[in-house]
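Chemist: here is my input; please provide its structure:
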Amino acid sequence: LPKIEELIDTAKKEGMEALALTDAGNLHGAIDFYKYATKKGIKPIIGVDAYLAPRSRHDRDQNEKRSRIVLLAENMAGYENLLKLVTAASTEGMHERPRIDLEILKAHADGLIALVPSFAGASTQALAAGDADGARAVIAEYQSIFGKEDVYLEVSHHPKVAGHTERMDAIRALGKETGAKVVAQHDVYYLLPSDREATAVLRRIGQGAEGRNEEEDFSFVSEAWMREHFSAEEVEESGRIAERCAIAFDLGKWVFPALPVSEGYKDHDEELRAKTYAGIKTHGLEETEEVVTRIEYELKVIHQKGFATYFMVVSDLLNFAHKNKILTTIRGSVGGSLVTYLIGITNVNPLEYKLPFERFLNPERPSAPDIDMDYADNRRDEMIAYAKEKYGEDRVAQIGTFGTMLARAAVRDVARALGHPYGTGDRIAKLIPLGSQGFPMTIERALELEADLQALYDEDEDVKEIIDLAKRIEGCARQTGVHAAG
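Modeler: The predicted structure is shown next:
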């Protein structure tokens, strides 16, 4: 339920020095989490709460009892292995949830610290079933994969869950038997205890009737709370794990596809220069002072920014489209570049129409140039196939998107999750004005703008409950998808 900024701000307020983000089966929040945590002086620990198939990730057993394992990146090798694991989980192991298995864990265990969850860990499930031998076998397997020092057993404090206290005692005993260290852990699904119902509603929206509504507390707790409910050693172990984890992303640099430099050229800058000047004759222009001055200025900026490879890759894709008679066009400020015109990316001479290059690219612009390529809908698959063939199937991906809970949808979803008739949510949602592109309407702003909505909120208890809960889940990611242009 909480946004990344809310989690980190709360940790900062509590005086914490480190915080871990372990999304379920993915790394969607990792980069934003890293950037904001670093900005706020909180040490970011990146991990995954992975789904583990009982046998093979390739199996599709409807009745399988999958388990969970938390994997933390101790270093950059570990982070790279997390990337490989979540990719395989989604592309090879998807069955209701993205799953990995022991086979792929063995291949990508380097740099990872494994935490066995106190609820859904495989050894915990074995203990709950009365299978102590099975629990020991699970831990022995994990220790053979990660190393004895890199496997930890989580214990948590949720006394309202039936049998939980006894199970934690059994986990502690298992730790002594296997030599696995025990660490205090607390899942955070929401910031405040009062957010419990909003979290339950969010689950019901995503999972239907299967969404759980625990009476237990999974809010953000303080260090003092942890020390009150766990031994000093179990709490300190958490700190030692945090000290071990150290990753650093080299952000702000561009990584371009590995496009070979054509024979006869030392690098892409030299090749781009030659191709640009060759384009003067191809386009029927004269090599005037104005043309040369503009070319040299653009090439200088492109070289200084390190974008020559980018231009060559775009040119390569468009050349394939042209050769195969795939209808294509270019949109946006790239029309202001003479270089792109001369190498066949655009079809408009910017000098003729006095289009400025600086709107497209200038020395002060920190971001990469934006070249929007449109291809005929019925032949875009050919373009994707070519890119995979040319640059490698494991180096070409479509653009993912996150569908978020916007104001109207949040109201409708909450009303449905609470069991209200469709008309109830629809009546409220229709009172929320539509936003504009880039400026989505919020529920808070709608209440300010629409007197009828505010009146309904003040007078109807059901409406008040729906809107209050909708405000808490507004902006949360609802699902992932594929970008229409990617």
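Chemist: and A30, how many neighbours?
Modeler: 24 (other CB atoms under 10 Å). Yep, even glycine has a C-beta here, placed from its N, CA and C like the rest.
Chemist: check contacts around it.
Modeler: By CB atoms under 8 Å, 6 or more residues apart in numbering, the contact list for A30 reads 21, 23, 46.
Chemist: may I ask which of those has the most neighbours?
Modeler: I46 (24 neighbours).
Chemist: for it, what are its contacts?
Modeler: 20-21, 27, 30, 33-34, 72-73, 79, 82, 245, 247.
Chemist: now the two most distant members of the residues you listed.
Modeler: L27 and C245 (14.7 Å; CB to CB).
Chemist: re the thing from before, so of the contacts of A30, which ones are in helices?
Modeler: Judged by DSSP state H, the contacts of A30 include no members of helices.
Chemist: please identify which of those is nearest to I330.
Modeler: D23 (36.4 Å).
Chemist: so what pLDDT did the residue nearest to the closest one when sequence neighbours are not counted get?
Modeler: Using CB to CB, 6 or more residues apart in numbering and skipping the chain neighbours, the partner closest in space to D23 is G29 (5.5 Å). Per-residue pLDDT puts G29 at 93.
Chemist: quick one, strands of the stretch 201-350 of the chain?
Modeler: 328-331 (DSSP state E, counting those that start in this stretch).
Chemist: where does the prediction get shaky in it?
Modeler: Counting by pLDDT under 70, the stretch 201-350 of the chain contains low-confidence ranges at 208-214.
Chemist: quick one: contacts for the nearest residue to I104 once chain neighbours are set aside?
Modeler: Distances taken as CB to CB, 6+ apart put A88 closest to I104, at 5.5 Å, once the chain neighbours are dropped. Contacts for A88 (CB under 8 Å, 6+ apart) come out as 57, 100, 104.
Chemist: rerun at 10 Å
Modeler: The contact partners of A88, taken as CB atoms under 10 Å, 6 or more residues apart in numbering, are 57, 94, 98-101, 103-104, 107-108.
Chemist: I'd like the distance between it and P98.
Modeler: Distance of A88 to P98, given as CB to CB, to the nearest Å: 9 Å.
Chemist: so what sits against both of these two?
Modeler: R57.
Chemist: could you pull out the helices for the stretch 51-200 of the chain?
Modeler: Along the stretch 51-200 of the chain, counting by DSSP state H, counting those that start in this stretch, helices occupy 76-91, 102-107, 122-128, 132-146, 164-178, 196-207.
Chemist: what's the fourth one packed up against?
Modeler: Counting contacts by 3 or more CB pairs under 10 Å, 6 or more residues apart in numbering; DSSP states H and E, the secondary-structure elements packed against helix 132-146 are strand 67-73, helix 102-107, strand 112-116, helix 122-128, strand 151-155, helix 164-178.
Chemist: neighbouring strands of the third one in the sheet, and parallel or not?
Modeler: According to DSSP bridges, strand 112-116 has the following sheet partners: strand 67-73 (antiparallel), strand 151-155 (parallel).
Chemist: chain center to that strand, what's the gap?
Modeler: 20 Å (CA atoms, centre = their mean, to the nearest Å).
Chemist: okay, that strand in CSV with CA atoms only?
Modeler: This file holds the C-alpha atoms of strand 112-116, laid out as CSV (Å, rounded to 0.1, in the frame of the first residue of the first chain):
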residue,chain,number,x,y,z
LEU,A,112,22.9,-13.6,-2.7
ILE,A,113,21.7,-14.0,1.0
ALA,A,114,18.8,-16.3,1.5
LEU,A,115,16.2,-15.7,4.2
VAL,A,116,13.6,-18.4,4.8
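Chemist: could you shift the numbering so residue one becomes 478, and keep it that way?
Modeler: From this message on, residue numbering opens at 478, which makes the last subject strand 589-593.
Chemist: and the angle from that strand to helix 609-623?
Modeler: 170 degrees (axes from the mean of the first three to the mean of the last three CA atoms, to 10 degrees).
Chemist: so for strand 589-593, mean pLDDT?
Modeler: In the prediction, strand 589-593 has an average pLDDT of 98.
Chemist: angle of that strand against helix 553-568?
Modeler: Using the same axes, to 10 degrees: strand 589-593 against helix 553-568 is 60 degrees.
Chemist: quick one: terminal-to-terminal distance for stretch 571-589?
Modeler: Chord length of stretch 571-589, first to last residue, is 22 Å (CA to CA, to the nearest Å).
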